[in-house]
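Trainee: sharing a model prediction with you, sequence too.
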Amino acid sequence: MSREFSLTVSRSRRFALASLAAVCLAGLTIPADARAPNGATPGKSCKASYIASHTQKATKIDRAKQKARGNWEFQAWRNFGGKYNDWRKAQYAQYGCSKKGKYHYCVAEAYACSQVEEVGG
């Protein structure tokens with residue numbers, strides 16, 4: 001009886017490992033550009049890496065956000081190239097701001113995306 005049980009466990013363990021390997025291999029065959037965050041807008045190609053700007057300091061909150069957005073665009077350009085550095089195309093874009101004394105500190109965070117060109121056929 002114990003021999004039958006050990007064969008069953010072994011088969012189920014092999015099946016689990018084979019299933020896990022298949023899922024991993026399927027994930028590797030999808031290009032990184034295609035693995036957009038959930039809810040990404042159709043027609044966009046988004047990077048899987050989340051980008052955050054360096055903290056930017058200004059006396060007015062609008063200026064702090066503008067500086068943070070500019071730094072985010074630079075970080076996106078540096079990491080992924082000019083195709084992905086547009087804040088308006090970014091997915092899940094948000095600011096994190098706080099005030100300390102007379103200064104506002106802001107960080108811009110988002111997934112870098114580019115517009116997918118339509119291929120005529």
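Mentor: Thanks, I have the structure now.
Trainee: burial of residue 74, as a residue count?
Mentor: Other residues lying near residue 74 total 14 when counted by other CB atoms under 10 Å. Every residue, glycine included, has its C-beta placed from N, CA and C.
Trainee: so how far is residue 105 from it?
Mentor: Separation of residue 74 from residue 105 (CB to CB, to the nearest Å): 18 Å.
Trainee: surely residue 67 forms part of a helix?
Mentor: Yes: assessed by DSSP: H, G, I helix; E, B strand; the rest coil, residue 67 belongs to a helix.
Trainee: give me the pLDDT value at it.
Mentor: We have a pLDDT of 95 for residue 67.
Trainee: ok, now the one 10 residues further on?
Mentor: The score at residue 77 is 94. That number is its pLDDT.
Trainee: wait, it touches residue 85, no?
Mentor: Yes: between residue 77 and residue 85 there is a contact at 3.8 Å, judged by CB atoms under 8 Å.
Trainee: quick one, which of the two is more surrounded?
Mentor: Set residue 77 next to residue 85 and count neighbours by other CB under 10 Å: residue 85 wins out with 20 against 15.
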